[in-house]
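**Student:** Need coordinates for the below:
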Amino acid sequence: MIEGVLREVLRSDSVTKVIVALGNWYRIDSPQGVIDPEWAFFNKGFGLKNEYMTWLINSPFVEKNYHFHVNYCDHFQWFISDEKVRRYSIDRILFSLFKLYEICKQKGVDVEIFQLLKPIRKNDPEIAKSFVSEVVENEWFQKLDKIEKTDSFKLLGWPFFDDLGGDHAQQILTDEMKIGKLDSHPNQKGHEALGKWFNEYESRTRLKLVPYISDGVRVEENEDICHEAFLQMQQESSSDRLAFNYRFDQLNLPSMRFFNFMFDGDEPVQASGCQVMSENVVRVCSRYYLFDDFRTDSSDPLNKVDDFFELEYVLERLKDVPLLIWSREKAPSFFRRIKAAKPELFSDWKVHDTKIELLYENNFQNIFYVGDISFLDEVTHPTI
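**Tutor:** Numbering: from 1, shown residues only. This is a model prediction of the structure:
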């Protein structure tokens, strides 16, 4: 399958970009068609007693969809319980990906690779565990893992296996996104969902997080690019209602534990800080600013250019803080919507019942928080 992509790249000088969607890692090509040794292994003797197998046994497709795979694998002893078969399957995929990387690099062709289907089924946990371990041990996996991921070479969701912290697109497909109970291929809704998944991952790999302040310390090597972004932010925001807040001397930088920019190439996309407000309270998304060229429809709170990547980055580094807050002057419905839509990120967050006077008199703010709410008194006027 990947060999076909390699042939096209080598044949033509007009190819400028390649996008590869990976399927099941066990599948192999034969002169008669694609063989699925994993499917054959688990269904031999019609082993999986489910609705699909009940239908298949009595269907006209039983010869092609059952005997073809099972008989082929029996004849060549192609059993996924055999370590040699697993290691061959792994090496074939990863070596092909590495060849694709090397050839495309030489020809100046951009490459994006993602895992469309689950790389393996997990009907047998022990076989699945062995497969993942053998992936990590493979020399081509280790080489791919060390390659710098750039705009010219992207592995979306790498290392693809959820046991390794990777990702694949199939997991987003609900029953309503499939053709039917007996056909798990995506329908129109499924294709739309897969497109959204791909675009979000593609966006994440395109964007780059550049810290100006990290854990309270200014990052000297990033000063030049960040200072240019600060200047652009001040110029762009000059007509904004909160323009004063985006002046360099009003960004509260001395009290920031983190202050990050997201860049798309050399273009600043957004800025956001984590402000230490008291001994036990840090505010996230402080002095948040989205640059003009990347502003989206504000009616959709999930339409974030970075898909909350910067926020995930800082939350991972603020686990020692007793109370994290996100404040907003406008209606709290924004917080309720993102909590419902992003449970993997906000399941433990809560919306405070009422507005508080945050730090200063008449500075009434809605509060979205996680942690010990008793520390909110430390940042509520006039108790500070």
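
**Student:** other SSEs contacting the helix or strand bottoming out on mean pLDDT in the chain?
**Tutor:** Each helix and strand of the chain was given a mean pLDDT (mean pLDDT, DSSP states H and E); the minimum falls on helix 51-57 at a mean of 74. Helices and strands touching helix 51-57, by 3 or more Cβ pairs under 8 Å, 6 or more residues apart in numbering; DSSP states H and E: there are none. C-betas here are computed from N, CA, C, even on glycine.

**Student:** Would you mind naming the helix or strand containing Asp224?
**Tutor:** helix 223-236 (DSSP states H and E).

**Student:** avg pLDDT for that helix?
**Tutor:** What helix 223-236 shows for mean pLDDT is 95.

**Student:** How about stretch 195-212?
**Tutor:** Here the average pLDDT along stretch 195-212 is 81.

**Student:** Quick one: residues in contact with that stretch.
**Tutor:** If you take Cβ atoms under 8 Å, 6 or more residues apart in numbering as the criterion, stretch 195-212 is touched by 112, 114, 149, 151, 154, 156-157, 167, 169, 172, 218-219, 222-223, 225-226, 253, 258-264, 269, 305-307, 309-310, 313.

**Student:** and these, which are buried?
**Tutor:** Buried by 16 or more other Cβ atoms under 10 Å: 112, 114, 154, 156-157, 167, 169, 222, 226, 253, 258-264, 269, 305-307, 309-310, 313, out of these.

**Student:** So which of the residues you listed belong to helices?
**Tutor:** Cys226, Phe309, Glu310, Tyr313 (DSSP state H).

**Student:** hey, what's the closest residue to Ile213 other than its chain neighbours bridged with?
**Tutor:** Take Ile213 and drop its neighbours on the chain: the residue closest to it by Cβ to Cβ, 6 or more residues apart in numbering is Phe259, 4.2 Å away. For Phe259, the beta-bridge partners under DSSP bridges are Ile213, Gly273.

**Student:** so how far is Ser374 from the residue nearest to the spatial centre of the chain?
**Tutor:** Residue closest to the average C-alpha location in the chain (Cα atoms, centre = their mean): Tyr201, at 5.1 Å. Separation of Tyr201 from Ser374 (Cβ to Cβ, to the nearest Å) stands at 39 Å.

**Student:** Next: Val9.
**Tutor:** 61 Å.

**Student:** Neighbour count: those two, which is higher?
**Tutor:** Val9 (18 against 10; other Cβ atoms under 10 Å).

**Student:** helix/strand/coil for that one?
**Tutor:** helix (DSSP: H, G, I helix; E, B strand; the rest coil).

**Student:** For the remainder of this discussion, apply numbering that starts at 827.
**Tutor:** All right, first residue 827 from here; so that's Val835.

**Student:** Isn't it up against Val937?
**Tutor:** No: Val835 is beyond contact range of Val937, at 9.2 Å (criterion: Cβ atoms under 8 Å).

**Student:** hang on, the earlier thing: tell me the contacts of the residue nearest to Ile1039?
**Tutor:** Taking Cβ under 8 Å, 6+ apart as the test, what Phe1085 contacts is Pro1037, Tyr1038, Ile1039, Leu1077, Leu1079, Ala1097, Ser1098, Gly1099, Cys1100, Arg1113.

**Student:** doesn't Pro1080 make contact with the third one?
**Tutor:** By that I understand Ile1039. No: between Ile1039 and Pro1080 there is no contact under Cβ under 8 Å: 9.3 Å.

**Student:** Which parts of the stretch 1077-1210 of the chain are strands?
**Tutor:** 1082-1090, 1093-1102, 1107-1116, 1149-1154, 1176-1177, 1182-1183, 1190-1197 (DSSP state E, counting those that start in this stretch).

**Student:** do you know which of those lies nearest Tyr1072?
**Tutor:** strand 1107-1116 (5.9 Å; Cβ to Cβ).

**Student:** what residues does that closest one touch?
**Tutor:** Contacts for strand 1107-1116 (Cβ under 8 Å, 6+ apart): 1059, 1063, 1071-1072, 1077-1078, 1082-1083, 1085, 1095-1103, 1122, 1131, 1137, 1140-1141, 1144, 1147-1153, 1201-1202, 1204-1205.

**Student:** buried residues in that strand?
**Tutor:** So strand 1107-1116, judged by 16+ other Cβ under 10 Å, has buried residues Val1107, Val1108, Arg1109, Val1110, Cys1111, Ser1112, Arg1113, Tyr1115, Leu1116.

**Student:** quick one: which of those is nearest Pro951?
**Tutor:** Val1110 (38.3 Å).

**Student:** where does that closest one land on pLDDT?
**Tutor:** 97.

**Student:** what does Phe867 give?
**Tutor:** 87.

**Student:** I'd like the distance between the residue nearest to it when sequence neighbours are not counted and Trp865.
**Tutor:** Excluding the flanking residues, the one nearest Phe867 by Cβ to Cβ, 6+ apart is Ile906, at 4.9 Å. According to Cβ to Cβ, Ile906 stands 10 Å off from Trp865.

**Student:** Equivalent analysis for Phe1135, please.
**Tutor:** Counting by Cβ to Cβ - Phe1135 and Trp865 are separated by 36 Å.

**Student:** now swap in Pro857 and tell me
**Tutor:** 19 Å.

**Student:** And for Asn850?
**Tutor:** 8 Å.

**Student:** hey, where'd the helices end up in the chain?
**Tutor:** Going by DSSP H, the chain shows helices at 828-837, 863-869, 877-883, 888, 894-901, 909-933, 951-963, 965-972, 1014-1032, 1049-1062, 1135-1142, 1159-1167, 1169-1172.

**Student:** just those helices: most buried one?
**Tutor:** helix 863-869 (a mean of 21; mean count of other Cβ atoms under 10 Å).
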